[in-house]
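K.L.:
Output the structure for:
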Amino acid sequence: GGAVGLRGFFQSLRQTQQGLSLNMDLSITAFHESIGVIAYLQKRLEFLKDLPRNKGRELSLEEKREVEKALKNIRVFVCHRETVQRYRVYGLTEEITDNLWFPDRDGKHLRLMSYFKDHYSYEIQFKNLPCLQISRIRPCYLPMELCMICEGQK
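P.N.:
Here you go, the predicted model:
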């Protein structure tokens, strides 16, 4: 689940006793499907199939590990802004979205839920899921429901 097979060609130039030989072959490679992160997780992980009907659901520690494993190093883009920015997922937040705070440019602490409501008029639905951590160095969080998997990733 969460993957599509795309057809393409493999080609290589080989040295043979008769000279150069062009080797061509039809190949099919699996790529991550370019869909929302929540939908991707539902397709990939059986235990999240009920997520849209159970938006208040929290993840167990084992489930969180599985989700992190499924998303780590995947590139995503956000769908709540007009500009298309791509990010790499480095992990998940320790806290659920409802409990996340972050410092703004002035050092003032903002609640993530309030920030998205005030700046983007968006009410986060999956408050009990962790957010995607998109920076190794500083706290930079994105709610899963606002992210899409970038296409063309193996």
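K.L.:
Can you report phi and psi for the residue nearest to I96 when sequence neighbours are not counted?
P.N.:
In this structure, I96 finds its nearest non-sequential neighbour in N128, 4.9 Å apart by C-beta to C-beta, 6 or more residues apart in numbering. Every residue, glycine included, has its C-beta placed from N, CA and C. Here is the backbone geometry of N128 (degrees, to the nearest 10): phi -100, psi 10.
K.L.:
So N128 is in contact with E58, correct?
P.N.:
Yes - if you go by C-beta atoms under 8 Å, N128 and E58 touch, sitting 4.4 Å apart.
K.L.:
can you list residues touching both of these two?
P.N.:
Applying C-beta atoms under 8 Å, 6 or more residues apart in numbering, one finds that N128 and E58 are jointly contacted by I96.
K.L.:
Could you pull up the mean pLDDT of stretch 51-59?
P.N.:
Here stretch 51-59 scores 86 as its mean pLDDT.
K.L.:
Provide the contact partners of that stretch at residue level.
P.N.:
Stretch 51-59 is contacted from outside by I38, L41, Q42, D50, V67, I96, Q125, F126, K127, N128, L129, P130, using C-beta under 8 Å, 6+ apart.
K.L.:
would the second one count as being in a strand?
P.N.:
No - when DSSP: H, G, I helix; E, B strand; the rest coil is applied, L41 is found to be helix, with no strand at that position.
K.L.:
wait, it sits on L48?
P.N.:
Yes - in this structure, L41 is within contact of L48 by C-beta under 8 Å, at 5.0 Å.
K.L.:
Which helix in this protein has the most residues?
P.N.:
If you go by DSSP state H, the chain has its longest helix at helix 61-71.
K.L.:
what helices or strands is that one leaning on?
P.N.:
Contact here means 3 or more C-beta pairs under 8 Å, 6 or more residues apart in numbering; DSSP states H and E; on that basis helix 61-71 packs against helix 37-44, strand 91-96, strand 130-133.
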